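Asker: using only what follows, build the 3D model:
(2 chains)
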Amino acid sequence: DVKVTQSSRYLVKRTGEKVFLECVQDMDHENMFWYRQDPGLGLRLIYFSYDVKMKEKGDIPEGYSVSREKKERFSLILESASTNQTSMYLCASRGTGNYNSPLHFGNGTRLTVT
Amino acid sequence: ILNVEQSPQSLHVQEGDSTNFTCSFPSSNFYALHWYRWETAKSPEALFVMTLNGDEKKKGRISATLNTKEGYSYLYIKGSQPEDSATYLCAFRGDYKLSFGAGTTVTVRA
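Answerer: Below is the predicted model:
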């Protein structure tokens, strides 16, 4: 079974801090994704990566950046955390070659910015 | 962001009863429709990926149908059990990205 591991389940950070959310997958998947989930809204795509050092903006990239230095690891960076970035963050991965393969998700990181 | 809507937002079901709920999506440029189950404190888990109009998928007591021409999918739970309590997400792929609905939260009462 694919395992997607997010480094923290809960995080509390202060406004203006630089925040790193880490995600590791163990199935050699090329594609990795960062979503955020807010009440009443569907999962929204922040960034995705289809290969090492490659990244693409999703629907809501403002205020975020990402890093993919190794295939198994995809990091989401909040350059200067703000209260409107308080949210549940989900990492996901998908194998190569079939866009219709399902996503495999991590457990999520609930980030609170105060 | 494409408009994917799920209804109802939440529902309560008595144990043993059956239920169903809807995912609506754009009827043009269809590639796939995903269903995920997201239990509290766990990660979302894929239930089905549906690609063909008229597709029907089944996994245990859960099944789904797909109508791409009119842009909707139904998820059915037969004989609901407490372990079916979860948020059910659908996601529409019209290009290379998935657009998610806000989910239907199902609570099964014993």
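Asker: so which bits of stretch A:27-41 are buried?
Answerer: A:H29, A:N31, A:M32, A:F33, A:W34, A:Y35, A:R36, A:Q37 (16 or more other C-beta atoms under 10 Å in any protein chain shown). Placement of C-beta: from N, CA and C, glycine included.
Asker: right, I mislabeled it, should have said stretch B:54-72
Answerer: Applying 16+ other C-beta under 10 Å to stretch B:54-72 flags B:D55, B:K57, B:I62, B:S63, B:A64, B:L66, B:T68, B:G71, B:Y72 as buried.
Asker: quick one: the residues you listed as JSON lines, columns for pLDDT too.
Answerer: Listed next are the buried residues of stretch B:54-72 as JSON lines, based on pLDDT from 0 to 100:
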{"residue": "B:D55", "pLDDT": "94"}
{"residue": "B:K57", "pLDDT": "97"}
{"residue": "B:I62", "pLDDT": "98"}
{"residue": "B:S63", "pLDDT": "98"}
{"residue": "B:A64", "pLDDT": "98"}
{"residue": "B:L66", "pLDDT": "97"}
{"residue": "B:T68", "pLDDT": "96"}
{"residue": "B:G71", "pLDDT": "96"}
{"residue": "B:Y72", "pLDDT": "97"}
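Asker: what's the most distant pair in those residues?
Answerer: Spatial extent of those (C-beta to C-beta) is set by the pair B:I62 and B:G71 at 21.3 Å.
Asker: where do the strands of the chain begin and end?
Answerer: This is for chain A. A:4-6, A:10-13, A:19-21, A:23-25, A:31-37, A:44-49, A:56-57, A:64-70, A:73-78, A:87-94, A:104-105, A:109-113 (DSSP state E).
Asker: chain B is the one I meant
Answerer: B:5-7, B:10-14, B:19-24, B:32-38, B:45-50, B:56-59, B:62-67, B:72-77, B:86-93, B:98-100, B:104-109.
Asker: quick one: name the residues of chain A near chain B.
Answerer: Within chain A, the positions near chain B by C-beta under 8 Å from any C-beta of the partner chain are A:4, A:35, A:40-45, A:48, A:58-59, A:90, A:99-108.
Asker: now with 7 Å, please.
Answerer: Along chain A, the residues adjacent to chain B under the rule C-beta under 7 Å from any C-beta of the partner chain are A:4, A:40-45, A:59, A:99-100, A:102-103, A:105-108.
Asker: which stretches of chain A have low pLDDT?
Answerer: A:1-2 (pLDDT under 70).
Asker: which residues does the residue nearest to the spatial centre of chain A form a beta bridge with?
Answerer: The residue lying closest to the centre of chain A (C-alpha atoms, centre = their mean) is A:W34, at 2.7 Å. Beta-bridge partners recorded for A:W34 (DSSP bridges): A:Y47, A:C91.
Asker: how close does it sit to A:K18?
Answerer: 16 Å (C-beta to C-beta, to the nearest Å).
Asker: do the same with B:Y36
Answerer: 31 Å.
Asker: of those two, who's got more company?
Answerer: Neighbour totals were compared for B:Y36 and A:K18, and B:Y36 leads with 24 against 10 (other C-beta atoms under 10 Å in any protein chain shown).
Asker: sorry, back to before: now the strands of chain A in JSON lines, with distance to B:S10?
Answerer: Formatted as JSON lines, the entries for these read as follows, by distance: least, C-beta to C-beta, whole Å:
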{"stretch": "strand A:4-6", "distance to B:S10": "26"}
{"stretch": "strand A:10-13", "distance to B:S10": "24"}
{"stretch": "strand A:19-21", "distance to B:S10": "28"}
{"stretch": "strand A:23-25", "distance to B:S10": "29"}
{"stretch": "strand A:31-37", "distance to B:S10": "16"}
{"stretch": "strand A:44-49", "distance to B:S10": "20"}
{"stretch": "strand A:56-57", "distance to B:S10": "32"}
{"stretch": "strand A:64-70", "distance to B:S10": "30"}
{"stretch": "strand A:73-78", "distance to B:S10": "29"}
{"stretch": "strand A:87-94", "distance to B:S10": "17"}
{"stretch": "strand A:104-105", "distance to B:S10": "21"}
{"stretch": "strand A:109-113", "distance to B:S10": "20"}
